[in-house]
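**Student:** Next one to model:
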Amino acid sequence: MKRVLGALIVALFAAGAAVVTWPQLLRLEREFPFAQAVSLRPLLVGGFAAIALLFLLFGLARRIRAFCLWIAVISLVAAGTGAGILATRGLGAETLPAKDAESIRVMTWNTAGPATDAETIAETAVAMQADIVALPETTMETGRAVAVAMGERGQPMWAHVDRYEGPDTWDANSTALLISPELGDYAVIESEAGGTSNTTIVPSAVAMPVDGDGPIVVAVHAVAPRTSAMDGWRSDLQWLADQCASDDVIMAGDFNATLDHMARLGVGDADLGRCHDAAKQTGNGGIGTWPTALPAPLGAPIDHVMATASWKPTGSVVLSSLDGSGSDHRPLVVQYTRR
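**Tutor:** The predicted structure is shown next:
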């Protein structure tokens with residue numbers, strides 16, 4: 001009887017480890033609580049490694065050795081699988097190639113409203129030579145201040161914003177988008193909440209080129225997958241996938257989702273709609289952009305820069321040097337060249 005019970009526990013543990021490590025197996029990657037668990041995949045890897053070590057120690061007792069060894073082996077397999085997934089997505093690239101006339105740079109940074117001042121944002125964007133800057137949780141007032149400060153530093157930008165009505169104290173109601181005049185004139189299309197013409201609870205800004213040959217630019221902010229907002233979160237990801245349906249699109253912002261959550265939302269080999277994740281393509285797909293309270297290798301890569309196949313990413317960097325600036329997100333910068 002004890003052997004049967006032990007075998008049942010081992011089988012249930014193996015099934016649980018498989019689903020937590022790869023919830024896509026049963027299409028649970030956007031379901032509670034698996035969506036939340038897989039968000040911090042590095043911590044899952046560490047947790048399974050700790051379980052393996054603990055049960056190896058327990059296995060020194062002869063009477064439960066077989067049971068403990070099975071748990072340890074399953075845990076090691078789960079930890080190794082998770083680590084392998086992170087490794088294939090990229091465990092860190094620290095440099096960008098030199099920028100030339102054919103290159104553009106895209107920066108995204110969820111600024112957490114007043115937690116990050118306009119001067120810091122502008123200094124960072126200018127230092128990174130950004131041509132497109134997506135700023136979730138940034139008001140029009142701050143976005144304009146950033147554009148002015150960048151112009152004073154020799155890098156003029158047009159400032160756009162999409163905003164929902166709501167409490168003035170909640171800066172998540174606004175998403176700012178800065179675009180270099182060198183890409184042409186842009187206009188943000190009119191939108192409304194509800195997942196029909198925008199994301200559901202917090203806004204994303206969709207900028208269309210009025211003239212010039214620049215891409216459609218989407219500054220993204222999807223709602224976080226809290227238990228009370230799961231339907232809205234899933235709707236947001238589907239809406240974002242739908243925005244990446246044409247040939248020339250660049251999306252950047254706080255997706256509140258990792259690549260695991262985007263399974264089955266890509267077309268062909270793309271990650272979301274027809275967009276490909278630049279960090280994954282350039283060696284940073286496993287590096288966390290949130291929260292700054294955790295070291296970047298242990299965090300969740302929920303901020304992304306994506307583009308259609310018209311754009312080739314040549315480098316990316318997650319900026320950890322600004323972890324003390326106020327925001328709980330790290331900036332992500334990507335360099336592209338047009339194919």
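
**Student:** secondary structure element for the nearest residue to Arg89 once chain neighbours are set aside?
**Tutor:** Residue nearest to Arg89 in three dimensions, not counting chain neighbours: Gly285, with 3.1 Å by CB to CB, 6 or more residues apart in numbering. Placement of C-beta: from N, CA and C, glycine included. If you go by DSSP states H and E, Gly285 is not part of any helix or strand.

**Student:** Check the gap between Arg62 and Leu69 for me.
**Tutor:** 11 Å (CB to CB, to the nearest Å).

**Student:** can you pull the contacts of the spatially closest residue to Ala300 that is not a sequence neighbour?
**Tutor:** What sits nearest to Ala300 in space, not counting adjacent residues and going by CB to CB, 6+ apart, is Ser39, at 4.7 Å. Neighbouring residues of Ser39 by CB atoms under 8 Å, 6 or more residues apart in numbering: Pro225, Thr258, Asp260, His261, Ala300, Ile302.

**Student:** In CSV, list those along with pLDDT, secondary structure and neighbour count.
**Tutor:** Shown next, in CSV, are the contacts of Ser39 (pLDDT from 0 to 100; DSSP: H, G, I helix; E, B strand; the rest coil; neighbours: other CB atoms under 10 Å):
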residue, pLDDT, secondary structure, neighbour count
Pro225, 96, coil, 24
Thr258, 98, coil, 23
Asp260, 98, helix, 21
His261, 98, helix, 24
Ala300, 97, strand, 21
Ile302, 98, coil, 23
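
**Student:** which one among the residues you listed gets closest to Gly232?
**Tutor:** Nearest to Gly232 among those is Pro225, at 9.0 Å by CB to CB.

**Student:** which residues sit in contact with the closest one?
**Tutor:** Contacts here follow CB under 8 Å, 6+ apart; on that basis Pro225 touches Arg30, Phe32, Ala35, Gln36, Ser39, Trp233, Asn256, Ala257, His261.

**Student:** let's see it at 10 Å
**Tutor:** Taking CB atoms under 10 Å, 6 or more residues apart in numbering as the contact definition, Pro225 lies against 30-33, 35-36, 39, 232-234, 236-237, 256-257, 261, 302.

**Student:** Would you show me how to pick out the buried ones of these in ChimeraX?
**Tutor:** Buried residues among the contacts of Pro225 (16 or more other CB atoms under 10 Å), as a ChimeraX selection:
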select :30,35,39,232,233,234,236,237,256,257,261,302
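
**Student:** Can you pick out the most distant pair from the contacts of Pro225?
**Tutor:** Distance extremes for those: the farthest pair is Pro33 and Asp236 at 18.9 Å, using CB to CB.

**Student:** Could you pull out the strands in the chain for me?
**Tutor:** 103-108, 132-136, 158-163, 174-179, 186-188, 205-209, 216-221, 249-254, 276-277, 303-307, 311-318, 332-338 (DSSP state E).

**Student:** Quote the end-to-end distance of stretch 299-308.
**Tutor:** End-to-end span of stretch 299-308 (CA to CA, to the nearest Å): 26 Å.

**Student:** Any stretches of the stretch 151-300 of the chain with poor pLDDT?
**Tutor:** 166-170, 191-196 (pLDDT under 70).

**Student:** Run through the residues that contact Leu69.
**Tutor:** Leu69 sits next to Val10, Phe55, Leu56, Phe58, Gly59 when contact means CB under 10 Å, 6+ apart.

**Student:** could you redo the last one with a cut-off of 8 Å?
**Tutor:** Neighbouring residues of Leu69 by CB under 8 Å, 6+ apart: Phe55, Leu56, Gly59.

**Student:** so what's the closest residue to Gly59 other than its chain neighbours up against?
**Tutor:** Distances taken as CB to CB, 6+ apart place Cys68 nearest to Gly59, at 3.6 Å, with adjacent residues excluded. For Cys68, the contacting residues are Phe55, Leu56, Phe58, Gly59, Ala61, by CB under 8 Å, 6+ apart.

**Student:** any idea which of those residues has the most stuff around it?
**Tutor:** Using other CB atoms under 10 Å as the neighbour criterion, Phe55 leads these with 20 neighbours.

**Student:** wait, isn't it in contact with Leu76?
**Tutor:** No: the criterion here is CB atoms under 8 Å, and Phe55 misses it with Leu76 at 9.8 Å.

**Student:** Distance of the residue nearest to Gly59 relative to Ala79?
**Tutor:** 16 Å.

**Student:** do Pro203 as well
**Tutor:** Distance from Pro203 to Ala79, by CB to CB: 39 Å.

**Student:** Same check on Ala207?
**Tutor:** With distances taken as CB to CB, Ala207 is found 43 Å from Ala79.

**Student:** The two: which is more packed in?
**Tutor:** Ala207 (25 against 21).

**Student:** In contact with that one, which residues are there?
**Tutor:** His160, Leu177, Ile179, Tyr186, Ala187, Val188, Ile189, Ile216, Val217, Val218, Ala219.

**Student:** In CSV, list those along with distance to Ala130.
**Tutor:** Shown next, in CSV, are the contacts of Ala207 (distance: CB to CB, whole Å):
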residue, distance to Ala130
His160, 15
Leu177, 12
Ile179, 10
Tyr186, 15
Ala187, 20
Val188, 18
Ile189, 22
Ile216, 18
Val217, 12
Val218, 16
Ala219, 13
